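Visitor: build me a model from this:
(2 chains)
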Protein chains: 2
Amino acid sequence: MLSTLLTIENQQPTLAADGGKRDSDLILPINPSLSVTLHQDQLKSTTTVTASRYFKEDRIWINGKEENIENPRLQTCLREVRRLARKRRNTGDENSNTLTLNYKVHICSVNNFPTAAGLASSAAGYACLVYALAKLYGLEGELSEIARQGSGSACRSMYGGFVQWTMGVKEDGSDSIAQQIEPETHWPELRVLILVVNAEQKPVSSTAGMQTSVKTSALLKYRAEIVPKRMLEMIEAIKQQDFETFGQLTMKDSNQFHATCLDTFPPIFYLNEISKSIINLVHRYNSHFGETLVAYTFDAGPNAVIYTLEQHVDEFVEVVKHYFPPEENGEQFLKGLPVNSVPLPEPLKSSIHMDPIKGGIRYIINTQVGPGPQLLEDLNHYLVGEDGLAKQ
Amino acid sequence: MLSTLLTIENQQPTLAADGGKRDSDLILPINPSLSVTLHQDQLKSTTTVTASRYFKEDRIWINGKEENIENPRLQTCLREVRRLARKRRNTGDENSNTLTLNYKVHICSVNNFPTAAGLASSAAGYACLVYALAKLYGLEGELSEIARQGSGSACRSMYGGFVQWTMGVKEDGSDSIAQQIEPETHWPELRVLILVVNAEQKPVSSTAGMQTSVKTSALLKYRAEIVPKRMLEMIEAIKQQDFETFGQLTMKDSNQFHATCLDTFPPIFYLNEISKSIINLVHRYNSHFGETLVAYTFDAGPNAVIYTLEQHVDEFVEVVKHYFPPEENGEQFLKGLPVNSVPLPEPLKSSIHMDPIKGGIRYIINTQVGPGPQLLEDLNHYLVGEDGLAKQ
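Guide: Okay, here's the model as predicted:
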C-alpha cells in the first residue's frame, strides 16, 4: 500500500525564520515571523511515504541515504501525526483513512537543492513529511503545529504564498501555528533570485545556533520587541504590493537577525565575504536608481535571496553576472525561470564600481512565489520501490 | 619658539570606543566606555607644535604630508585650546605661558603604526595634538574635554592605564570627560597582542559609521542600556585583576559593538574572514583549557587586539604563527616585546583543528599597558625643522 506525495516547496524568510525559540523542544518562537513559499517548479522537496504490514520498523532515506529514524524530531512528527489520526478515528471522523496505524512506514525524501546550506531544506523537508504522513492517514485540516515540531519554520511551509507564524501564548504551543497572509497569486510580479554562494554544509545548524543565541545574546530579547511592529508593517506592505517598504524591511530584518548571531557567544557567522559583497552590490544598485528595486535576505547561511519585480530581473541578473563572473568550467549559471541578457548601462557600472569576484557565486536560481504542498498522482514520482526500499 | 611633545600612546577599547554619539558635533557618547592605553615603546603618535610670529597661517603635516588645516575637528581643538589659554590668562593664572596667542602654529605629527586601519590612530593623534598645544600655551589640568571634540576616544588617550569615558549629562558636554580607573602599573602581567590583518585604509571611517548607526540601528539604543552595567562589572574585574571576567566581557562587548554595525543600514562590516578565524581560534584555545586565557576585541577594523597574561604569550603567539603562518618574503612577523618560541602540544593542535591560513596575519605587535602623553625634551625628536616646515 503506497501513498505518495510530492510536496514541492521551500520557504525563505523575509522576516526572521527563526528569530529565537522560547521552547526548544516544542519549538516555540520568541517572535512572530513571516516567509514566502517559493515555487515548486524551481525548488522542491519530494517525499514518498509508504506503510505495509511487512515492514518491521519505521525507516527513512534522505537524498538516497538511509538516516537514523530515531532522530527526536522525526519521532515527534511520526508520533503526533499518528496520535491525531487515532484521535480523529475515535471521534468517528468519516474521512479518516482505514489504514491501520500499527503498520510501520518507510519514508523517502529528496531535495533538488543543497541540504543544510541555509536554503531552508529542513523546513521544506519536514513540511513535506508531515503533509505526506497526513495524506497517508487521511488527515485533513491544521497540521502546521505538527510540522513546527519537526523544524520551526516548516510550519510556514505548509502553506503557499505569504505566510506568517504566530507566536501563540499557550504553554503547549497549540496556538503557535502558520497562517496564510496572501495566496501565491497575490503579487504576480514578485520574483525571487537565489544566489548560491556556497553549497558546503554550514558549520552551525540553525537550530543549535538559535538555542545558543537565546541563551547568550543580550540583544536578542530586544529584537523580540522590535519584530512584532515590523511584522505588521511587512504584512501591510505585502497587501499593498509596496516594494519599497517590503524591500527595506526585508533587508533591515535580515541584518538584524545576523547582528544577533554576532551577539551570540561564541559568535555565529553565517555571512561570508561574498555575502557582504552582494549586500554592498544591492545597496549601490538601489542607490543608483534612488529607490529600492532589489532587496536581499540571508537565512542561516551565506546564500543570498534577492527579492525584486519581474521588470528588473534581466538587468539585475546581468549586474550579478558582471560582478561575480562564473567560472569557465563551472556548472550552468542561470537556473529556473528564463532570464534575458541585456546590456549594462555605463553610468550604472560607474555607480556600482566594485572589483569583479570570479566564481564568487556558483549559480542563480530565478523563481517566484509558489503554492503549498501538492499531492503527486503520477507513479513515476514514487521514491519507494516495489521492494519497499528507496529507489536507486 | 618651539614646544615639542612626544606623546606616545594609542588606545584600544575593551568596552566600545565609540558606542554611538548622542551629539556628533560635540562628540557626546550614548554610552560610557573604557579603554586601555597601550605602551609608547610599541605604538606611538609623535607631535611637534611650534608657533612663530613669522608663520602666516596655521598648518599641519601628518606622516610627512601636509593636510588641510581647515578640518573642522582640528579647528575645534585649536580654537578650544586657545580659548582656554586666553581665559586662564584673563583670570591671572600665574602658570600661563607668555607666548602670544596670536601667533600661528605649525604642527607635525607621525604615527609609527598604520593610520585609519582601526588601530585608533585618530584617538592617539588628537590626544597628542591637544596635549602638545596645551604644553605650548602652558596649560595644565583637565584637557580630555577638548581632546574629545577632536576624536571622541582621544579623551581617554589623555591618560595612561585603564581609563573610562563618562557620558556626562550636560548639554555642552563639559562633564563628558575621561578618568583614570587604574594606572598603568596596576596589572603588570597583562599583555596586549595586536594582530595586524590588513593595514589598508578602512572603507568607512569610525565616526561616519557611528553617525549612521545612531540614526539607523534599532539595536544600538538597547545596547546603550546594556553597556553601563557591563562597565561596572569591567571596572571591578580590572580592580580585582580577574582575567576570566575581564576577558569574557571584552569579547562579548566587541561582538555586540560589531552586531550593532551589522544592524546599521546599510550595514557596516569591519570584521573580515581573517578576523572571524581569529575569533574561532581564541574560542577553541580557551575551550581546550576550560578557561579564558586569551580574549579578543576588534575596533573599527579587521585587526584583532588580544588580551592575555604574560605567562600565556609565548604559547599563544606560537599558536597564531601555526595557524596564520607568515609569508616567506613578508616583513618581520613579531614586533614589540620579545616572544620565545615554544613547542605546541599535540593535544592543543587537535583541539584547535583549523586549516592554516598563510599570510592571513601580516605581523604581531606584543605590547602592554602604558602611560599617558609624555613631553620629549630631546631636540632630535623635533619633527619641525629650523625653517618651520616638516622635516623630511
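Visitor: which residues of the stretch 51-200 of chain A score low on pLDDT?
Guide: Of all residues in the stretch 51-200 of chain A, those with pLDDT under 70 make up the ranges A:92-98, A:114-120, A:198-200.
Visitor: and the helices in it?
Guide: Listed in chain order, the helices of the stretch 51-200 of chain A (DSSP state H, counting those that start in this stretch) span residues A:72-90, A:121-136, A:144-150.
Visitor: what's in contact with the first one?
Guide: What that stands for is helix A:72-90. Helix A:72-90 is contacted from outside by A:58, A:60, A:69, A:95-97, A:101, A:105, A:126, A:129-130, A:133-134, A:137-139, A:143, A:146-147, A:149-151, using CB atoms under 8 Å, 6 or more residues apart in numbering or on different chains. No exception for glycine: its C-beta is placed from N, CA and C like everyone else's.
Visitor: in contact with A:Asp314, which residues are there?
Guide: The contact partners of A:Asp314, taken as CB under 8 Å, 6+ apart, are A:Val339, A:Asn340, A:Ser341, A:Val342.
Visitor: so it sits in a helix?
Guide: Yes: A:Asp314 forms part of a helix when assessed by DSSP: H, G, I helix; E, B strand; the rest coil.
Visitor: so how far is A:Ile352 from it?
Guide: Counting by CB to CB, to the nearest Å, the separation of A:Asp314 from A:Ile352 is 16 Å.
Visitor: up against chain B, what does the stretch 201-350 of chain A have?
Guide: Proximity of the stretch 201-350 of chain A to chain B (CB under 8 Å from any CB of the partner chain) is limited to residues A:218-219, A:222-223, A:226, A:251-252, A:255-256, A:258-260, A:262-267, A:269, A:272-273, A:276, A:279-280, A:283.
Visitor: need the buried ones from these selected in PyMOL.
Guide: This is the PyMOL syntax for the buried subset of those, where burial follows 16 or more other CB atoms under 10 Å in any protein chain shown:
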select buried, chain A and resi 218+219+222+223+226+251+252+255+256+258+259+260+262+263+264+265+266+267+269+272+276+279+280+283
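Visitor: if you look at the residues of the stretch 201-350 of chain A next to chain B, which of them are in strands?
Guide: Counting by DSSP state E, none of the members of those fall within strands.
Visitor: what's the closest non-adjacent residue to A:Ile107?
Guide: Distances taken as CB to CB, 6 or more residues apart in numbering or on different chains put A:Ile60 closest to A:Ile107, at 4.4 Å, once the chain neighbours are dropped.
Visitor: list the contacts of the one you found.
Guide: Contact partners of A:Ile60, counting by CB under 8 Å, 6+ apart, are A:Glu66, A:Glu67, A:Ile69, A:Leu74, A:His106, A:Ile107, A:Cys108, A:Ser109.
Visitor: by contact count, what packs against the longest helix along chain A?
Guide: Longest helix in chain A by number of residues (criterion: DSSP state H): helix A:218-240. Packed against helix A:218-240 by the contact rule (3 or more CB pairs under 8 Å, 6 or more residues apart in numbering or on different chains; DSSP states H and E) you find strand A:33-38, strand A:162-165, strand A:178-182, helix A:243-262, helix B:218-240, helix B:243-262.
Visitor: can we see that at 10 Å?
Guide: Using 3 or more CB pairs under 10 Å, 6 or more residues apart in numbering or on different chains; DSSP states H and E, the elements in contact with helix A:218-240 are strand A:33-38, strand A:162-165, strand A:178-182, helix A:206-216, helix A:243-262, helix B:218-240, helix B:243-262.
Visitor: any idea which of the ones you listed is most buried?
Guide: Comparing the helices and strands packed on helix A:218-240 by mean neighbour count (mean count of other CB atoms under 10 Å in any protein chain shown), strand A:33-38 ranks first with a mean of 29.
Visitor: and the angle for it with helix A:121-136?
Guide: Strand A:33-38 and helix A:121-136 meet at an angle of 70 degrees, taking axes from the mean of the first three to the mean of the last three CA atoms, to 10 degrees as the criterion.
Visitor: what angle do strand A:33-38 and strand A:178-182 make?
Guide: Compare the direction of strand A:33-38 with that of strand A:178-182 by the same axes, to 10 degrees and you get 70 degrees.
Visitor: how about strand A:33-38 as PDB, C-alpha atoms only?
Guide: Coordinates of the C-alpha atoms in strand A:33-38 are reproduced here as PDB (Å, rounded to 0.1, in the frame of the first residue of the first chain):
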ATOM      1  CA  SER A  33       7.800  35.700  11.600                       C
ATOM      2  CA  LEU A  34       6.800  35.800   8.000                       C
ATOM      3  CA  SER A  35       8.000  33.900   5.000                       C
ATOM      4  CA  VAL A  36       7.400  33.500   1.300                       C
ATOM      5  CA  THR A  37       6.900  30.000   0.000                       C
ATOM      6  CA  LEU A  38       8.900  29.500  -3.200                       C
END
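Visitor: how far does it sit from its chain's centre?
Guide: A distance of 7 Å separates the centroid of the chain from that of strand A:33-38, by CA atoms, centre = their mean, to the nearest Å.
Visitor: rounded mean pLDDT for that strand, please.
Guide: Model confidence over strand A:33-38 averages 89 on the pLDDT scale.
Visitor: tell me the angle of that strand relative to helix A:243-262?
Guide: Angle of strand A:33-38 versus helix A:243-262, following the same axes, to 10 degrees, is 110 degrees.
Visitor: care to break chain A down by domain?
Guide: Chain A resolves into domains spanning A:2-183+A:375-381, A:190-368 when parsed by automatic domain parsing.
Visitor: contacting residues for the residue lying closest to A:Thr212 once chain neighbours are set aside?
Guide: On the basis of CB to CB, 6+ apart, the spatially nearest residue to A:Thr212 that is not a chain neighbour turns out to be A:Thr264, at 5.3 Å. If a contact means CB atoms under 10 Å, 6 or more residues apart in numbering or on different chains, then A:Thr264 has A:204, A:209-220, B:252, B:255, B:259 as its contacts.
Visitor: tell me the pLDDT at A:Thr264?
Guide: For A:Thr264, the predicted pLDDT is 94.
Visitor: dihedrals phi and psi, it?
Guide: Listed backbone geometry of A:Thr264 is phi -70, psi 150, with angles given as degrees, to the nearest 10.
Visitor: once you drop chain neighbours, what's closest to A:Gln149?
Guide: Once flanking residues are discounted, A:Gln149 sits nearest to A:Thr76: 4.8 Å by CB to CB, 6+ apart.
Visitor: what separates that neighbour from chain B, distance-wise?
Guide: With the distance defined as CB to the nearest CB, to the nearest Å, A:Thr76 ends up 31 Å from chain B.
Visitor: what's the local residue count around that residue?
Guide: Here the count is done by other CB atoms under 10 Å in any protein chain shown, and A:Thr76 has 18 residues near it.
Visitor: from A:Thr48, how far off is it?
Guide: Computed as CB to CB, the A:Thr76 to A:Thr48 distance reads 21 Å.
Visitor: so who does A:Ser350 touch?
Guide: With contacts taken as CB under 10 Å, 6+ apart, A:Ser350 has the following neighbours: A:His288.
Visitor: so A:Lys104 sits against A:Val49, correct?
Guide: No: look at A:Lys104 against A:Val49 with CB atoms under 10 Å: they stay out of range, at 11.1 Å.
Visitor: quick one: which of those two has more around it?
Guide: With neighbours defined as other CB under 10 Å, A:Lys104 and A:Val49 compare such that A:Val49 has more, 27 against 17.
Visitor: A strand includes that one, no?
Guide: Yes: with the criterion set as three-state DSSP, the secondary structure at A:Val49 is a strand.
Visitor: any idea how far it lies from A:Gln392?
Guide: A:Val49 is 19 Å from A:Gln392, where distance means CB to CB.
Visitor: ok, A:Asn111 next?
Guide: For A:Asn111, the distance to A:Gln392 - CB to CB - is 17 Å.
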